[in-house]
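>>> build the 3D model from these lines:
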Amino acid sequence: MKQATVPTAGTDAAQKPSIAFKSGLQQLLAFGSLILLVIIFSVASSNFFHFSNIVGILLSTAVIGVLALGSTFVIITGGIDLSVGTVMTLSAVMTGVFITMWGVPIPIGIIGGMLTGALCGFLSGFTISRMGIPPFIATLAMMMIAKGLSLVISDSKPIYFTEYEAFIKISLGSFLGDLIPGFDIPNAVVVFFLAAIVGSLILSKTIIGRYNFAIGSNEEATRLSGVNVRNWKIVIYTITGLFTGLAGVLMASRLNSAQPALGSGYELEAIAAVVIGGTSLSGGKGTIVGTVIGALIMSVLTNGLRILSVKPEWQTVVVGFVILLAVFADIIRRRKA
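Residues are numbered from 1 along each chain as shown. Sure thing, here's the model as predicted:
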């Protein structure tokens with residue numbers, strides 16, 4: 001792939017301090033919102049700020065968080081991926097097939113599950129960049145394809161990992177607890193934060209990240225500067241698929257099974273986490289740190305409402321309003337910009 005210098009607004013030296021300040025301010029506001037939610041729920045219920053509940057929040061954040069990390073890459077380009085929820089399920093199902101039916105070693109099965117997600121991402125990127133299908137339609141189609149394949153491959157039945165204790169420990173084990181007695185942070189949480197570090201490095205230190213922002217800021221200018229935008233879009237969607245595959249492995253390990261009927265709706269929570277964290281739906285702006293904060297806000301909100309005995313249907317209503325407010329805030333930010 002040809003490398004080229006991309007003239008974008010973000011590279012203008014005169015604008016860098018302003019952009020950095022605004023980005024930092026958005027992350028600070030998101031972090032402040034997270035702290036405020038923790039304080040509110042801690043005051044409202046004495047059961048909230050307990051170590052076991054905090055660990056539960058972090059564990060529930062891991063899967064949605066990894067999905068959101070992948071979605072960040074696509075949304076920064078100005079695109080969208082509605083398939084991450086069902087592709088996650090398909091990746092979990094394929095992991096189950098590799099390990100329990102084909103008898104491959106667990107590490108190979110995990111790689112196979114992640115590559116399943118990457119393949120789906122590649123196909124979505126190909127249909128968008130090479131066939132000219134809008135991201136919304138292309139990923140909606142992939143969402144339906146992945147959902148159908150999950151049910152067909154599993155015969156609409158869960159695939160259990162009961163005999164594979166090592167696989168279960170990927171999410172629910174705690175090597176930190178083995179090192180530090182009493183500090184039983186699940187491995188899934190560690191994997192999530194390690195994935196966030198990797199994602200942050202890709203966005204900030206590699207050519208993939210530079211072109212990611214360039215495409216989102218001004219796709220036409222990026223193309224005219226000599227960058228093969230179509231190929232880089234395929235790469236970006238493939239990376240999103242790889243993170244989605246990892247989320248599928250974590251989900252299967254956490255549930256001790258691959259549930260073919262799960263997945264629908266997870267994409268909305270992932271997108272909400274990304275937008276709450278300050279990534280713009282119009283593209284060209286976003287951070288992994290912001291996405292991590294956004295995912296934590298979603299988990300804290302859901303957990304706090306559950307502890308306060310708010311009915312599940314009302315929890316869904318509240319989360320819906322949060323998504324609406326996050327998107328509206330993004331619109332306001334764009335107008336001011």
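
>>> contacts only, for the spatially most central residue of the chain.
Geometric centre of the chain, nearest residue: residue 68, 1.7 Å, by CA atoms, centre = their mean. Residue 68 makes contact with 269-271, 273-274, 277, 291, 294-295 under the criterion CB atoms under 8 Å, 6 or more residues apart in numbering. Any C-beta I mention is one placed from the backbone N, CA and C, and that applies to glycine too.

>>> could you do residue 216 as well?
Contacts of residue 216 by CB under 8 Å, 6+ apart are 76-78, 280, 282-285.

>>> quick revisit: for my notes, confirm the residue nearest to the centre of the chain occurs in a helix.
Yes: assignment of residue 68 by DSSP: H, G, I helix; E, B strand; the rest coil places it within a helix.

>>> distance of it relative to residue 296?
According to CB to CB, to the nearest Å, residue 68 stands 10 Å off from residue 296.

>>> how about residue 275?
14 Å.

>>> tell me which of the two has more neighbours.
residue 275 (27 against 23; other CB atoms under 10 Å).

>>> now that one, nearest residue through space, not along the chain?
Nearest residue to residue 275 in three dimensions, chain neighbours excluded: residue 326, at 4.4 Å (CB to CB, 6 or more residues apart in numbering).

>>> can you map out the helices along the stretch 101-250 of the chain?
Ranges of helices within the stretch 101-250 of the chain are 106-129, 135-154, 165-172, 175-179, 187-205, 207-217, 219-224, 229-255, based on DSSP state H, counting those that start in this stretch.

>>> ok, which of the ones you listed comes nearest residue 314?
helix 229-255 (25.2 Å; CB to CB).

>>> and the angle for the closest one with helix 165-172?
Between helix 229-255 and helix 165-172, the angle formed by their directions is 110 degrees, by axes from the mean of the first three to the mean of the last three CA atoms, to 10 degrees.

>>> now do the buried residues in helix 229-255.
Residues 229, 232-255 are the ones in helix 229-255 that count as buried (16 or more other CB atoms under 10 Å).

>>> which residues of the stretch 151-300 of the chain score low on pLDDT?
Scanning the stretch 151-300 of the chain for pLDDT under 70 picks out no residues.

>>> do that again at 90, thanks
176-184, 262-265, 268, 272, 276, 278, 280-285 (pLDDT under 90).

>>> so which of the contacts of residue 216 are in helices?
Per DSSP state H, helices hold the following members of the contacts of residue 216: residue 76.

>>> nearest to residue 183 among the contacts of residue 216?
Looking across the contacts of residue 216 and measuring by CB to CB, the closest to residue 183 is residue 76, at 34.5 Å.

>>> contact partners for that closest one?
203, 212-213, 216, 279, 283-286.

>>> which of those sits closest to residue 56?
Using CB to CB, the contacts of residue 76 come closest to residue 56 at residue 279, 26.2 Å.

>>> quick one, phi/psi of that closest one?
phi -70, psi 130 (degrees, to the nearest 10).

>>> so what's it up against?
Residue 279 neighbours (CB under 8 Å, 6+ apart): 72, 75-76, 285-287, 290-291.

>>> tell me the contacts of residue 196?
Residue 196 neighbours (CB under 8 Å, 6+ apart): 65, 69, 288-289, 291-292.

>>> against residue 296, how distant is it?
Residue 196 is 11 Å from residue 296, by CB to CB.

>>> so what sits against both of these two?
Counting by CB under 8 Å, 6+ apart, the residues touching both residue 196 and residue 296 are residue 65.

>>> element containing residue 26?
helix 16-44 (DSSP states H and E).

>>> so for that helix, mean pLDDT?
Averaging pLDDT along helix 16-44 gives 78.

>>> for ChimeraX, what selects the buried ones among the contacts of residue 216?
Here is the ChimeraX command that selects the buried residues among the contacts of residue 216 (16+ other CB under 10 Å):
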select :76,77,78,280,283,284,285
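
>>> and the contacts of residue 216, which is closest to residue 147?
Distances from residue 147 to the contacts of residue 216, taken by CB to CB, are shortest for residue 77, at 24.3 Å.

>>> residue contacts, that closest one?
Residue 77 sits in contact with 212, 215-216, 219, 233, 236, 283, where contact means CB under 8 Å, 6+ apart.

>>> save the residues you listed as TSV, and put in distance to residue 101 too.
Below are the contacts of residue 77 laid out as TSV (distance: CB to CB, whole Å):
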residue	distance to residue 101
212	37
215	40
216	41
219	43
233	34
236	32
283	41
